[in-house]
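> here is my input; please provide its structure:
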Amino acid sequence: MRPAEMILVAFRVCIPALFCVCGLAQQTLPHQQTVDPIAYTVEVGVPGQLPSEIRVSKHSSGAIGVTPGRRISAANADPGKAKLERAEIAAKLEGETIRIDLNLLFDNDRKETAATYRLQESEIVEVAGLPEYGIGPFTLRVVFAKPLVEDRTPTDQLQIANNTASLEILRFEKASPSSPTYQLEARNISNRDILSVALYIPDPENRAASGQTASGGRARPLIKTGEVWKTDVSIDRSGRTTSQGFVPQPPRVKTLIVRAIVFEDGAYEGDPEAVAEIEAMRLGRKVTFITAIDVLEEALKQGDREPAELIKLLQEAVYALPKEASEDLLAGIISRFPSLSDGARSSLKFQAESGIRSAKEMVIRQIQTFEESVTRSSAGVNLHAWLALTIAHFRGLADIR
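This is a model prediction of the structure:
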């Protein structure tokens, strides 16, 4: 079980604008694109639309979102059942075969694979869709991928501003002249460990902002006193998205702001709004891990059950964990930061629920990984040992001593 006390949260905020998202693409491709020796493109064809593409290779996989129909399906009409939120088509390379999964994602964070297809280059399959979920027919086709072309659109330039006294900036420069990535090195010059650092890039011209927050835990601080912290910060290619597509524009100078830091004792330097957001996310994660620990400890008392049976019970219990932040949690944060603006207060709910969601997804993944090991093992597994180890792991993530 890898240490997960160090978390990095990246975000982008678009300030009021009406838009429609018809699909979500997630590609695990590096910033500096390299030519894969063998790469394929999975073309997803929907009647009346241009094909969507997923590039897969030994080094990359990906997924695209499938938008269910607007009509309320029979499967979503039952108030006692989890409702479908979205679907995705995920593809990855397995040997010389492309594995393509049609996944259903429900509002309780359950993920169900409705169908799996295995195709080779030049093969096509017609999928009837899932009418009960409002997903119509589509085709899947695998072709050799075109070589990646380096994006030479100029990047915006970054300068840095530091709102803290205890984090000394040592180096901030581009990884290479054409890279969209900057490298930041900073030293903790205080006598206290730093648990979190919030970075922020305002973009008033496009009514947007982006940033990232890095956090550790008390057992594993992000930056111990006297230590140097290194991180990468990516900047977009210079341009804007219009109805005609991406339009390059001359590079601009933007400012990366070290917005706030939080120490091990809860004290902070910088913007209190940023600190309140960090606290909201931390508490969202913590309450979810604590609830998950209760579920796992209850399972420890049921050692007479078969592993497969207990895993199913665990999964259903975790799927049922709440996704909403309680009013008490939010009120507690606001009481610590009474000067917050109305806008900042409204964002706390989003941050807390982001923490809840990330923790819940982590618990689900841990159970799924164990389930896969049970399926693979012919010698049996030690369920009691796994439960005890997982409880200890989540206690560390929740900073429970």
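
> same question for stretch 202-211, mean pLDDT?
The average pLDDT within stretch 202-211 is 79.

> what of stretch 228-239?
pLDDT averaged over stretch 228-239 gives 84.

> which residues of this structure fall in helices?
Under the criterion DSSP state H, the chain contains helices at 272-300, 307-319, 327-336, 342-376, 383-397.

> pick the most deeply packed of those.
Of the helices of the chain, the one with the most neighbours on average (mean count of other CB atoms under 10 Å) is helix 272-300, at a mean of 21. Using the backbone N, CA and C atoms, a C-beta is placed for each residue, glycine as well.

> what's the angle from that helix to helix 383-397?
Interaxial angle of helix 272-300 relative to helix 383-397 (axes from the mean of the first three to the mean of the last three CA atoms, to 10 degrees): 160 degrees.

> can you name every helix or strand that helix 272-300 contacts?
In terms of contacts (3 or more CB pairs under 8 Å, 6 or more residues apart in numbering; DSSP states H and E), helix 272-300 is packed against strand 194-203, strand 208-215, strand 253-263, helix 307-319, helix 327-336, helix 342-376, helix 383-397.

> in CSV, list the ones you listed along with distance to G45.
Converted to CSV, the helices and strands packed on helix 272-300 look like this (distance: least, CB to CB, whole Å):
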stretch, distance to G45
strand 194-203, 35
strand 208-215, 32
strand 253-263, 39
helix 307-319, 33
helix 327-336, 45
helix 342-376, 31
helix 383-397, 42
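
> which of those has the lowest mean pLDDT?
strand 208-215 (a mean of 87).

> so what strands line up beside it?
Here strand 208-215 has these sheet partners by DSSP bridges: strand 7-14 (antiparallel), strand 194-203 (antiparallel).

> before we move on, the earlier item: closest to N108 out of the helices and strands packed on helix 272-300?
helix 307-319 (4.3 Å; CB to CB).

> export stretch 50-67 as PDB, just CAs?
Extracted C-alpha coordinates of stretch 50-67, given in PDB (Å, rounded to 0.1, in the frame of the first residue of the first chain):
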ATOM      1  CA  LEU A  50     -17.600  13.600 -35.800                       C
ATOM      2  CA  PRO A  51     -15.800  10.600 -34.300                       C
ATOM      3  CA  SER A  52     -14.100  11.000 -30.900                       C
ATOM      4  CA  GLU A  53     -10.600   9.500 -30.500                       C
ATOM      5  CA  ILE A  54      -8.700   7.800 -27.700                       C
ATOM      6  CA  ARG A  55      -5.000   7.300 -28.200                       C
ATOM      7  CA  VAL A  56      -3.500   4.200 -26.600                       C
ATOM      8  CA  SER A  57       0.000   2.700 -26.500                       C
ATOM      9  CA  LYS A  58       2.300   0.900 -24.100                       C
ATOM     10  CA  HIS A  59       2.800   4.200 -22.300                       C
ATOM     11  CA  SER A  60      -0.700   5.800 -22.400                       C
ATOM     12  CA  SER A  61      -4.400   4.900 -22.000                       C
ATOM     13  CA  GLY A  62      -7.500   7.100 -21.900                       C
ATOM     14  CA  ALA A  63     -11.200   7.500 -21.800                       C
ATOM     15  CA  ILE A  64     -14.000   9.600 -23.200                       C
ATOM     16  CA  GLY A  65     -17.300  10.500 -21.600                       C
ATOM     17  CA  VAL A  66     -20.600   9.300 -23.000                       C
ATOM     18  CA  THR A  67     -23.500  11.600 -22.500                       C
END
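
> what residues sit buried inside that stretch?
Neighbour-count burial for stretch 50-67 flags 52-57, 60-66 (criterion: 16 or more other CB atoms under 10 Å).

> residue contacts, the most far-flung residue of the chain relative to its centre?
In the chain, counting by CA atoms, centre = their mean, D304 sits farthest out from the average C-alpha position, at 36.4 Å. Going by CB atoms under 8 Å, 6 or more residues apart in numbering, D304 touches no other residue.

> how about A115?
By CB under 8 Å, 6+ apart, the contact list for A115 reads D101, L102, V127.

> how many neighbours does the second one have?
Just to be clear, that refers to L102. 21 (other CB atoms under 10 Å).

> quick check: bridge partners of it?
Beta-bridge pairing for L102 (DSSP bridges): I89, A115.

> go ahead and confirm it touches I89.
Yes: at 5.9 Å, L102 counts as touching I89 under the criterion of CB atoms under 8 Å.

> shared neighbours, those two?
By CB under 8 Å, 6+ apart, the residues touching both L102 and I89 are V66.

> if we can go back for a sec, report the two of the buried residues of stretch 50-67 separated the most.
Based on CB to CB, the longest span within the buried residues of stretch 50-67 runs between S57 and V66 and measures 22.5 Å.

> tell me the domain boundaries of this structure?
Domain assignment for the chain, taken from automatic domain parsing, gives 34-144, 157-270, 272-397.

> quick check: end-to-end length of the second one?
This points to domain 157-270. Start-to-end span of domain 157-270 (CA to CA, to the nearest Å) is 24 Å.

> where in the stretch 101-250 of the chain is pLDDT low?
Scanning the stretch 101-250 of the chain for pLDDT under 70 picks out 148-153, 206, 237-246.

> and the closest residue to D232 other than its chain neighbours, what are its bridge partners?
Distances taken as CB to CB, 6 or more residues apart in numbering put T181 closest to D232, at 5.1 Å, once the chain neighbours are dropped. In this entry, T181 is beta-bridged to S234, by DSSP bridges.

> give me the neighbour count for T181.
14.

> so it touches L158, yeah?
No: look at T181 against L158 with CB under 8 Å: they stay out of range, at 10.2 Å.

> give me the common contacts of those two.
By CB under 8 Å, 6+ apart, T181 and L158 have these common neighbours: V233, I235.

> how about stretch 168-183: buried residues?
Neighbour counts over stretch 168-183 (16+ other CB under 10 Å) mark F172, P180, Y182 as buried.

> got the contact list for V142?
By CB under 8 Å, 6+ apart, the neighbours of V142 are Y40, T41, V42, E43, I98, L119, Q120, E121, S122, E123, I124.

> including distance to L397, could these go into JSON lines?
Output for the contacts of V142, formatted as JSON lines (distance: CB to CB, whole Å):
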{"residue": "Y40", "distance to L397": "37"}
{"residue": "T41", "distance to L397": "38"}
{"residue": "V42", "distance to L397": "35"}
{"residue": "E43", "distance to L397": "40"}
{"residue": "I98", "distance to L397": "35"}
{"residue": "L119", "distance to L397": "39"}
{"residue": "Q120", "distance to L397": "42"}
{"residue": "E121", "distance to L397": "43"}
{"residue": "S122", "distance to L397": "46"}
{"residue": "E123", "distance to L397": "43"}
{"residue": "I124", "distance to L397": "45"}
